[in-house]
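Q: Below are the sequence and a predicted model; questions follow.
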Amino acid sequence: GTATDEVMKKLDKFKPQEISTILYSCAKVRQVSPKLFDAATDGVIKNLDKFKPQSISNTVWAYATARRVSPKLFDTAAVEAIKKMGKFRPSDISNTLWSYATFGHPSFEMFDVAIQQAIQNLNAFQEYELCSVLWALAAMDYYVESSIPIFQRILELHQLNEYQFSNSSLILLHPVILWFSAEHEENIEIPTSLANECRTAYTKNQVNPSKY
């Protein structure tokens, strides 16, 4: 539309954080202009070293949500994310890993660094953020023993009677549980009650069956 055309004309005038905000906002409200994302890509890649952690996370999330494939952008963002992971918030970590898994874009060095960062600060993560991290690992079929504390934290939260998981979290967890059960059951015991809750939520909200 006209607004998109005006933004595209001024792309080289925007600061890196402003470009990230624009792309994130477009993706969040599902007003995706492929032309805008494609036009912004080269500039984003060149300036990713200037992006703050949240902007890195928001940018890859925007591209993943908009389904605009850019392997070079994701490769470059992974390098920057590794350098700055110590300053990533829980939401930055979960959104970044979700984005790479949604694209099926491997960056296992970045995954390793992100998981280690998450484990150091597990209590700061919301349940949905933990579920998103685990979903990313399952989607990439990337098992590392260091992910077990993340799953154990999920089980701790589930055991709290007053704690109710959101429907979105249960849907994310369903393929994770099947993945763990199929391939790594010896490492963690999954309560039947949690598995049943996840299966029910997933079945009600998903058209396509899980691949597991």
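A: Arrived safely. Numbering: from 1, shown residues only.
Q: how close does residue 66 get to residue 60?
A: Counting by CB to CB, to the nearest Å, the gap from residue 66 to residue 60 is 11 Å. C-beta: built from backbone N, CA, C; applies to glycine.
Q: quick one: which of the two has more around it?
A: Higher neighbour count among residue 66 and residue 60: residue 60, with 31 against 20, using other CB atoms under 10 Å.
Q: Tell me how far the closest residue to the more buried one other than its chain neighbours lies from residue 55.
A: Nearest residue to residue 60 in three dimensions, chain neighbours excluded: residue 99, at 4.2 Å (CB to CB, 6 or more residues apart in numbering). Per CB to CB, residue 99 is found 13 Å from residue 55.
Q: same check, this time on residue 34
A: Following CB to CB, the distance that separates residue 34 from residue 55 is 21 Å.
Q: More neighbours: these two, which one.
A: In terms of neighbours (other CB under 10 Å), residue 55 is the more surrounded of residue 34 and residue 55; the figures are 24 against 10.
Q: mind checking which helix or strand that one is in?
A: When elements are defined using DSSP states H and E, residue 55 is found to belong to helix 53-66.
Q: For stretch 19-30, which outside residues touch it?
A: Contacts made with stretch 19-30 from outside it, assessed by CB atoms under 8 Å, 6 or more residues apart in numbering, are listed as 7, 11, 14, 32-33, 36-37, 40, 43-44, 47, 51, 55-56, 58-59, 61-63, 65-66.
Q: so the spatially most central residue of the chain is in which element?
A: Nearest to the mean C-alpha position of the chain, by CA atoms, centre = their mean, lies residue 98 at 2.0 Å. Assigned by DSSP H and E, residue 98 falls within helix 90-103.
Q: Could you do residue 36 as well?
A: Residue 36 belongs to helix 34-47, assigned by DSSP H and E.
Q: and residue 71, backbone torsions?
A: Taking degrees, to the nearest 10, you get phi -60, psi -40 for the backbone angles of residue 71.
Q: thought it was touching residue 105?
A: Yes. Because the distance of 6.5 Å satisfies CB atoms under 8 Å, residue 71 is recorded as touching residue 105.
Q: The two: which has the busier surroundings?
A: residue 105 (20 against 9).
Q: How much space separates that one from residue 130?
A: As judged by CB to CB, residue 105 and residue 130 stand 21 Å apart.
Q: I'd like to know the average pLDDT value across the helix or strand just after the helix holding residue 55.
A: Scanning forward in sequence from helix 53-66, with DSSP H and E defining helices and strands, the next element found is helix 71-84. Mean pLDDT, computed over helix 71-84, is 96.
Q: list the helices and strands helix 71-84 packs on?
A: Helices and strands touching helix 71-84, by 3 or more CB pairs under 8 Å, 6 or more residues apart in numbering; DSSP states H and E, are helix 34-47, helix 53-66, helix 90-103, helix 108-119.
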